[in-house]
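> Sequence and predicted structure below; questions after.
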Amino acid sequence: MTALALLTGCSGNEPLATPRTIEPGRAADSPATVVTPAGQIRPMQGTAQSAIFDPGTRSLVVLAGGPTPALRLFGEQPAARTVALPGGDASVTALAGDGPGRALLAARGGYFTVDLTAGSATRVDVQGRPDAEFTAIVRRADGALVLGAADGTVVVLDGPSAVAHSSKIFARVDMLAVHDDTVLVLDRGQTLVTELKSDGGQDQALRAGEGATMMVADPVGRVLVTDSRGNELLAFGVDPLIMRQRYPVHSVPYGLAGSATLTWVSTTANNQIVGYDLSTGIPVEKVRHPSVRQPDLLAYDDGTDTLYAVSTRGDGVQVIPNASGRQ
């Protein structure tokens, strides 16, 4: 049974002690594909690091790393559109949506706001944090930006750049997810999911399997996590944080995409993507697609039932129309 990890007895937002960690979970080293991937494959320049679907431009947005990171936008046009970053900032680590037509990028010392329609990016420096290695970023429903850092710090901003609250309570902030005004933290080294208070301090925390790797919030209020070491899909409710579903998924689950109907999980040991219906309380497999090699990044367009899988091995972007088979 998953153990509750409520840390109490400290004052303010200070940690009790340096958190104990384990080797973080990871995706499998995917084998070469032996089955033709479903849908179409589109080439992509650079090494994929993160991906989201933007409903404003109706495009898949991929953060492509390298000496000069950039965003690649895959829409209706055959060629991907590129959004360059000012100065070619190589410290960019994470991508998040910021409403239709907008995106956020976490970077050392600050972040970028991106107008995807105009194809422009603007850097914002967080006050007093020039050396912070920010690794995750989200915007709450109340408009506040929350950033997480490699040293385990969570920062809540007041406006675009002033720090309102700062808490160092994790080994590392690997991912952030948001549901309304509730922000969740994934710390892979502790395989821990934590719900934050409004000031960025810890509210509740739960162990997430044996080696949690990816986390997303879906449109119906669940927070989904893949446990790549334990071969499970985990579903949490928030406010209060509670584990609602825990289901075996073989072949090293990793990539995640949530939707109003199906939850999509990539299994990296066999290059497949599975769509699960979580509505009954027990995940039920509804569809399975062969994928590109190393399908670590998933995104889904609920409006057109299009599933995207991005290879982190350079095998391109897979586009699967009518992915769920709905009429």
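Cool, got the structure.
> ok but Gly87 is inside a helix, no?
Yes - counting by DSSP: H, G, I helix; E, B strand; the rest coil, Gly87 is part of a helix.
> Just the pLDDT for it.
The predicted structure scores Gly87 at 83 on the pLDDT scale.
> The closest residue to it other than its chain neighbours is in what secondary structure piece?
Excluding the flanking residues, the one nearest Gly87 by Cβ to Cβ, 6 or more residues apart in numbering is Arg123, at 7.7 Å. Every C-beta, even on glycine, is put in place using the N, C-alpha and C of the backbone. Here Arg123, judged by DSSP states H and E, is contained in strand 120-125.
> Give me the residues contacting the helix or strand just after that strand.
Note on strand 120-125: by DSSP H and E, the next helix or strand toward the C-terminus is strand 134-139. Contacts to strand 134-139, defined as Cβ atoms under 8 Å, 6 or more residues apart in numbering, come from residues 93-94, 96, 98-99, 104-111, 126, 145-150, 155, 172-178, 183.
> If any of these are buried, give me the PyMOL selection for them.
Selecting just the buried residues from the contacts of strand 134-139 in PyMOL takes one command, with 16 or more other Cβ atoms under 10 Å as the test:
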select buried, resi 93+94+96+98+104+105+106+107+108+109+110+111+126+145+146+147+148+149+150+155+172+173+174+175+176+177+178+183
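> Keep only those of the contacts of strand 134-139 that are in strands.
94, 96, 104-107, 110-111, 145-149, 155, 175-178, 183 (DSSP state E).
> can you give me how far stretch 226-238 is from the chain middle?
When distances are taken as Cα atoms, centre = their mean, to the nearest Å, stretch 226-238 is centred 14 Å away from the chain's centroid.
> what's around the closest residue in space to Val154 that isn't next to it in sequence, how many residues?
Spatial nearest neighbour of Val154, chain neighbours left out: Gly200 (4.5 Å); criterion: Cβ to Cβ, 6+ apart. A count of nearby residues for Gly200, using other Cβ atoms under 10 Å, gives 25.
> Quick one: residues contacting Gly200.
Gly200 neighbours (Cβ under 8 Å, 6+ apart): 13, 146, 154-156, 165-167, 183.
> The same query, at a cut-off of 6 Å, please.
Residues near Gly200 by Cβ atoms under 6 Å, 6 or more residues apart in numbering: 154, 156, 165, 167.
> same deal with Leu60?
Contact analysis of Leu60 by Cβ under 6 Å, 6+ apart lists 53, 74, 299, 308.
> most neighbours, which of those?
Busiest of these [other Cβ under 10 Å] is Tyr308, holding 28 neighbours.
> Tyr254 against Ala28, yeah?
No - counting by Cβ atoms under 6 Å, Tyr254 does not reach Ala28; the two are 7.5 Å apart.
> Mind checking which of these two has more residues around it?
Taking neighbours as other Cβ under 10 Å, Tyr254 and Ala28 compare with Tyr254 leading, 27 against 17.
> Understood, closing this out.
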